[in-house]
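Peer 1: Quick one: sequence and predicted model below, then my questions.
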Amino acid sequence: MPGRDYAVDLWQGPTALGAGFLIAPCYLLTADHCLRALAADDDLVRAVFADGHAVDGRVCQRVAAADLALVQVLQPELVPPTVPFPDLPVPGDPWNGLYQPSYTDPQLSGQVNHASVPYDTEGGGRIEAVQLQTEQLLGDYSGYSGSPVERTTPGKELAVLGILVEQYPDRANPDRYANVLFAATIREAITRFAQFRTGHLLRVLEAREEGILARGPVAAGAKPTVAATVGSSPSPSTAVSSPAATLTEVTGAAGAAPGVDGAAPGVDGAVATGHSLLAAIKEWSAQGLIDPSNVSELQVHVAKSVIEVALRGGTA
């Protein structure tokens, strides 16, 4: 059962699959082994949020070696506006798991033992993992996989540090599992899926620039296709995960630039969104979520895109 508005239960028909959570408005992240019960000829799932409302999704990519899978949300307009803030873990950070297999199961919590360790999954791949100690001595943590691991350090912003993927056997008792769990880091997840890579973002920006010239100015009052918070720094996954999340689409409802008579619709929104993206790129680089060598190229693309919106809109 999900414990916060971005965590979900994944279902296919009457079959419970496991946990997952929003990593972007258009994508859910889960553990690949949670999808073992998925029908072989059906990639459609249902994601149920904590308040009971549900959206349809489609499994778009599975990486068995890393025990990670990505689900595309087919109705992004129905998802909660909250997308979790990702961050890098620090040893000693307290954490909570936001998922209970049922309401008769306890919620997991504990502390980060090691912020980044290489870990070989049962799928045969090596991932960057967070090594976690849990306070609940259950002996078996089956059913918790796919849950987001949320940092609860006093004085720090709530942040997602990773996704639970595997438990570790108790070497002294092979019938039990130790209270040591492994979570794939958010950095590991975004490097495993093309939707979150720098190259993908660059292709999206380039496609948008061509589309701006082909489509003409954005109509005043046009509805954005992806909910975006202008003026705040989006998470890395929010900005790079979906080709639909482009400047021309998220700024369609913006009005004229303040203090300029007859300014083109969408210009003010494009500038605001550009500022948000530039701030986010700087933040992601500082956190190690993107390659610093790509920062300048990304910044130039964002600036060019804003300028193209302004120039094209100004001829309307």
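Peer 2: Arrived safely. Numbering: from 1, shown residues only.
Peer 1: what's across from residue 148 in the sheet?
Peer 2: Under DSSP bridges, the beta-bridge partners of residue 148 are residue 163.
Peer 1: residues contacting it?
Peer 2: Contacts for residue 148 (CB atoms under 8 Å, 6 or more residues apart in numbering) come out as 4, 6-7, 19, 21, 84, 97-99, 160, 162-164. Where you see a C-beta, it was placed from the backbone N, CA and C, and this is true even at glycine.
Peer 1: Look up how far residue 297 lies from it.
Peer 2: Here the distance between residue 148 and residue 297 works out to 31 Å (CB to CB, to the nearest Å).
Peer 1: cool, residue 139 as well?
Peer 2: The spacing between residue 139 and residue 297, counted by CB to CB, is 50 Å.
Peer 1: cool, residue 286 as well?
Peer 2: The span separating residue 286 from residue 297 equals 17 Å under the rule CB to CB.
Peer 1: same check, this time on residue 62
Peer 2: In this structure, residue 62 and residue 297 are 30 Å apart, going by CB to CB.
Peer 1: And for residue 90?
Peer 2: Counting by CB to CB, the gap between residue 90 and residue 297 amounts to 30 Å.
Peer 1: Would you mark the buried spots in stretch 37-53?
Peer 2: Neighbour-count burial for stretch 37-53, counted by 16 or more other CB atoms under 10 Å, picks out 38, 43, 45, 47, 48, 49, 50.
Peer 1: For the stretch 51-200 of the chain, which segments count as strands?
Peer 2: 54-63, 68-73, 94-97, 109-120, 126-134, 148-151, 159-169, 177-185 (DSSP state E, counting those that start in this stretch).
Peer 1: got TSV for the contacts of residue 148, with neighbour count too?
Peer 2: Below are the contacts of residue 148 laid out as TSV (neighbours: other CB atoms under 10 Å):
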residue	neighbour count
4	19
6	24
7	25
19	30
21	27
84	23
97	25
98	25
99	27
160	30
162	31
163	27
164	26
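Peer 1: For residue 275, state which of those residues is nearest.
Peer 2: When the contacts of residue 148 are ranked by distance to residue 275 (CB to CB), residue 84 comes first, at 22.2 Å.
Peer 1: Quick check: the gap between the spatially closest residue to the closest one that is not a sequence neighbour and residue 295.
Peer 2: Among residues not flanking residue 84 along the chain, residue 160 sits closest, at 4.2 Å (CB to CB, 6 or more residues apart in numbering). With distances taken as CB to CB, residue 160 is found 23 Å from residue 295.
Peer 1: same check, this time on residue 118
Peer 2: For residue 118, the distance to residue 295 equals 26 Å [CB to CB].
Peer 1: number of nearby residues for residue 36?
Peer 2: Per other CB atoms under 10 Å, the neighbour tally for residue 36 reads 10.
Peer 1: what does residue 80 give?
Peer 2: By the criterion of other CB under 10 Å, residue 80 has 15 neighbours.
Peer 1: Am I right that it is in contact with residue 49?
Peer 2: Yes - under the criterion of CB atoms under 8 Å, residue 80 makes contact with residue 49 at 6.5 Å.
Peer 1: Overlap of the contact sets of those two?
Peer 2: Among the neighbours of residue 80, those also in contact with residue 49 (CB under 8 Å, 6+ apart) are residue 5.
Peer 1: Could you save the strands of the stretch 51-200 of the chain as JSON lines and add columns showing mean pLDDT and distance to residue 12?
Peer 2: Written out in JSON lines, the entries for the strands of the stretch 51-200 of the chain read as follows (pLDDT from 0 to 100; distance: least, CB to CB, whole Å):
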{"stretch": "strand 54-63", "mean pLDDT": "94", "distance to residue 12": "9"}
{"stretch": "strand 68-73", "mean pLDDT": "95", "distance to residue 12": "11"}
{"stretch": "strand 94-97", "mean pLDDT": "94", "distance to residue 12": "23"}
{"stretch": "strand 109-120", "mean pLDDT": "96", "distance to residue 12": "28"}
{"stretch": "strand 126-134", "mean pLDDT": "96", "distance to residue 12": "25"}
{"stretch": "strand 148-151", "mean pLDDT": "94", "distance to residue 12": "21"}
{"stretch": "strand 159-169", "mean pLDDT": "94", "distance to residue 12": "20"}
{"stretch": "strand 177-185", "mean pLDDT": "96", "distance to residue 12": "23"}
